[in-house]
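A.B. asks: Sharing a model prediction with you, sequence too.
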Amino acid sequence: MKYIKFIIIIVMYSLICFQTYNKVKVNSISLSTKIGNNIQKEKHKEDIIGYITINKIGINKELYKIDSIENNVDKNITILEGSDLFDEESAFTIIAAHSGTGPIAYFKDLDKLNKNDEIEINYNGNNYTYVVKDIWNTKKTGSINVPKQNKKQLVLTTCSPNKNNYQLIINSTLKE
Amino acid sequence: MKKIIKILVVAIILLGTIKSISVNAETSNFYKGEKISGIYMMAYNPNTKIGIYQVARFIREQNTNKIAYCIDPYDWFYDTSTYNRETPNMNAILLDRIEKIAHYGYGYGNHTDSSWYAVTQAMIWKEVAGDENIYFTDTLNGNKINSYDNMINEINTIINQNEKTPNIPNNIVLVEDEEKTITDINNVLGNYNSTSNIEIQGNNLIIKGLKPGEYNENLIRKDNIYDEPILFYTSVDSQNVVKLGNLESKNSKLNIKVINTEINIKKIDLDTKTNKPSGDAKIEGTEFSIVDENNNIIKSFKTNETGSYKINNLPLGKYTLIEEKPGIGYKKSDKTIEFELSEENNKKEIEFSNEVIKKKIKIIKTYGTKEKQIKEPNIEFNVYDKNNNLVKTIKTNNEGEAEIILPYGNYTIKQLTTTEGYEFSNPINIKVENEEEETYTLKDYKINVPNTKISLKDFIIFLFQNIII
């Protein structure tokens, strides 16, 4: 009973917030942006090392140093630990982000990618274009297994939006 | 009396018959012609020790004025004598020698000066009486001179030269339509005429354009300086003579055999031992040359789609087959094949093998974290050719390694099995164009990933945390 009450309060509060968002636009800044700005106050801009752009699904997001506090799936698109940086020879880089709902579900549309779609990385002033080669889902175990290619490789992963308890893996290699 | 008359009548009849037989043989008369001024001759008889000296002069036939020579140096010559055409009682070798001296002496080639007549006459007498007993003198009954020795030598040289017959093989074998030129090293072929299937140009015998079969040909000596042959005449009361004319024709026989030859060259693959190529290599288009013993290129050609080539009617002889350029995907071979075409072995089958270009492909399979990769044994891979036909299945050993040697061509290697929990590697496309070994290291990375699912509940909590905070 207490739990239900708690949920109702939260939902009501959320609805109020959304209404406020729709009705009030203060100086052309939306409420979500305002909320984003509050978060941005905490961002370490000096930790930005590049950007990831996936035009097909409307992603254009900064990338942070691997050891940055901002490099966290609960905050941003994240380069996983152990990844090679993009300018290394035969670099193997894994990027993860949330799927699902909300402003941090950056990879919510990742399942819309197909083979031969392109992913752009801007790093250290250089552009790297990757082409999707393989897409598959694997059961969630806390780890994924990806065959290493003999070329620069970029793996995007998130929880599968369509298959419960599965991990979606997008495997791409540098465009030749 | 009657008996005596009968005997006389019979005798007269008999004599008449004999006389009439004598009258039927060809007869002629000869006379002493013009003297040759300044040339003196001596004919010394060692038996009688008498030397007959004279001014050289021509002997000619009455009515025709044709040249003749005396052949009895110690007998007199009478203009009024009657001569019968008859071979004198001399050995055949001597008669042959006299004929040749007469023919190649005065009147032959540039032997037109009268002195050649005197030299020819002296040479004939020398043959009959001995070289030392017949000689020229400086004056009538004068001292012996050697002024005409060069002319004597020249006539002898010509005689010796014409003793020779053409140095041409009696039996010649060639192939259909072959043009063959044979040079006479005796240098007398130009004195001969040929029959229809062969041609003489200078000292060369030329045979061409003949079809398979046997041909019997003749080389007929040309000797038509005069309008009649050399003839001997004898007389009972005068020196025998020889009248100038043509020598007896000498023929050489020639047997020509024309055959066909055939060479079949077959290119085979060293591994398949047939004309079926390994991998995507091609036996078609292999370039060859055939050279003769002098390294002259006789023929250049390319093999057809079955890897073969046929050559018809290559002339008889020794040859070498050389590969100039292999078919696509094959290594060039430096070997050569020598062969010989002969009348007995006129068909040849020659196989020429080439080794295909091969490459060793090695796969190293590992799995594990990025920091620690483990060798992955017992992983199977299928190797497919360009038409997706399975070539072979290979499996990694305890070292995680598998290898295969592939011939020239395009292939795809696909992982067939994997360690549980690990993904299959992407197919590997292989192009075998050279023999450099290639190694493909296939790694599987195990990567820890965070939970990236955000549910509605999570979102609400997130909102609460971010807005409240």
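C.D. replies: Alright, I've got the coordinates. Residues are numbered from 1 along each chain as shown, chains lettered A, B, ... in the order given.

A.B. asks: contacts and neighbour counts: CA atoms only from here.
C.D. replies: Fine.

A.B. asks: ranges for the strands of chain A?
C.D. replies: With DSSP state E as the criterion, chain A has strands at A:48-54, A:59-64, A:78-79, A:92-96, A:99-100, A:118-123, A:126-139, A:143-148, A:153-159, A:166-174.

A.B. asks: so what's the residue of the stretch 251-400 of chain B found nearest chain A up against?
C.D. replies: Sorted by distance to chain A under C-alpha to the nearest C-alpha, the residues of the stretch 251-400 of chain B start with B:Lys370, at 7.4 Å. B:Lys370 makes contact with A:82, B:445-447, according to C-alpha atoms under 8 Å, 6 or more residues apart in numbering or on different chains.

A.B. asks: Please tell me which one of those counts the most neighbours.
C.D. replies: Comparing these by number of neighbours (other C-alpha atoms under 10 Å in any protein chain shown), B:Tyr445 comes first, having 23 neighbours.

A.B. asks: Nearest residue to the spatially most central residue of chain B in space, ignoring adjacent ones along the chain?
C.D. replies: Here the mean C-alpha position of chain B is nearest to the C-alpha of B:Lys180 (C-alpha atoms, centre = their mean), at a distance of 6.5 Å. Counting by C-alpha to C-alpha, 6 or more residues apart in numbering or on different chains, the nearest residue to B:Lys180 once its immediate chain neighbours are dropped is B:Ile207, at 5.2 Å.

A.B. asks: Quick check: that neighbour vs chain A, distance?
C.D. replies: B:Ile207 is 69 Å from chain A, where distance means C-alpha to the nearest C-alpha, to the nearest Å.

A.B. asks: hang on, the earlier thing: for the residue nearest to the centre of chain B, list the residues it contacts.
C.D. replies: When the contact criterion is C-alpha under 8 Å, 6+ apart, the partners of B:Lys180 are B:174, B:206-208.

A.B. asks: Domain-wise, how is chain A divided?
C.D. replies: As assigned by automatic domain parsing, chain A contains the domains A:1-41, A:45-174.

A.B. asks: chain center to stretch B:115-128, what's the gap?
C.D. replies: Taking the mean C-alpha point of stretch B:115-128 and that of its whole chain, the gap between them comes to 45 Å (C-alpha atoms, centre = their mean, to the nearest Å).

A.B. asks: who's in contact with it?
C.D. replies: Applying C-alpha under 8 Å, 6+ apart, the set of residues contacting stretch B:115-128 is B:36, B:39, B:41, B:56-58, B:69-73, B:94, B:97-98, B:101-102, B:105-106, B:132-135, B:148, B:151-152.

A.B. asks: Now, of the residues you listed, which are buried?
C.D. replies: Buried positions within these, assessed by neighbour count (16 or more other C-alpha atoms under 10 Å in any protein chain shown), are B:39, B:41, B:56-58, B:69-73, B:97-98, B:101-102, B:105-106, B:133-135, B:148, B:151-152.

A.B. asks: Span of stretch B:100-117 from start to end?
C.D. replies: Across stretch B:100-117, the straight-line distance between its terminal residues is 14 Å, by C-alpha to C-alpha, to the nearest Å.

A.B. asks: Also stretch A:78-92?
C.D. replies: 14 Å.

A.B. asks: what stretches of the chain score poorly on pLDDT?
C.D. replies: By default, I'm working from chain A. Counting by pLDDT under 70, the ranges of chain A that qualify are A:1-2, A:13-43.

A.B. asks: think we crossed wires, I meant chain B
C.D. replies: Where chain B drops to pLDDT under 70, the residues are B:1, B:5-25, B:223-224, B:454-469.

A.B. asks: per the record, what domains does it have?
C.D. replies: If you go by automatic domain parsing, chain B breaks into B:26-163, B:171-228+B:239-259, B:262-354, B:358-445.

A.B. asks: what about the ones you listed, which gets the closest to A:Glu70?
C.D. replies: Minimum separation from A:Glu70 across the domains of chain B (C-alpha to C-alpha) falls at domain B:358-445, 23.7 Å.

A.B. asks: How about the residues of chain A by chain B?
C.D. replies: Residues of chain A found near chain B (C-alpha under 8 Å from any C-alpha of the partner chain) are A:10, A:14, A:35, A:39, A:73, A:80, A:82, A:96-102, A:105, A:142-149, A:158-160.

A.B. asks: Only whichever of those residues are buried, select them in PyMOL.
C.D. replies: Command for PyMOL, covering only those of the residues of chain A next to chain B found buried under the criterion 16+ other C-alpha under 10 Å:
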select buried, chain A and resi 10+73+80+96+97+98+99+100+101+102+105+143+144+145+146+147+148+149+158+159+160
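
A.B. asks: What segments of chain B are helices?
C.D. replies: Using DSSP state H, the helices assigned to chain B run over residues B:2-24, B:92-104, B:114-129, B:149-163, B:456-468.

A.B. asks: just how off-centre is the second one within its chain?
C.D. replies: Computed by C-alpha atoms, centre = their mean, the separation of helix B:92-104 from the middle of its chain amounts to 38 Å.

A.B. asks: Taking helix B:149-163 as reference, get the angle to that helix.
C.D. replies: Between helix B:92-104 and helix B:149-163, the angle formed by their directions is 110 degrees, by axes from the mean of the first three to the mean of the last three C-alpha atoms, to 10 degrees.
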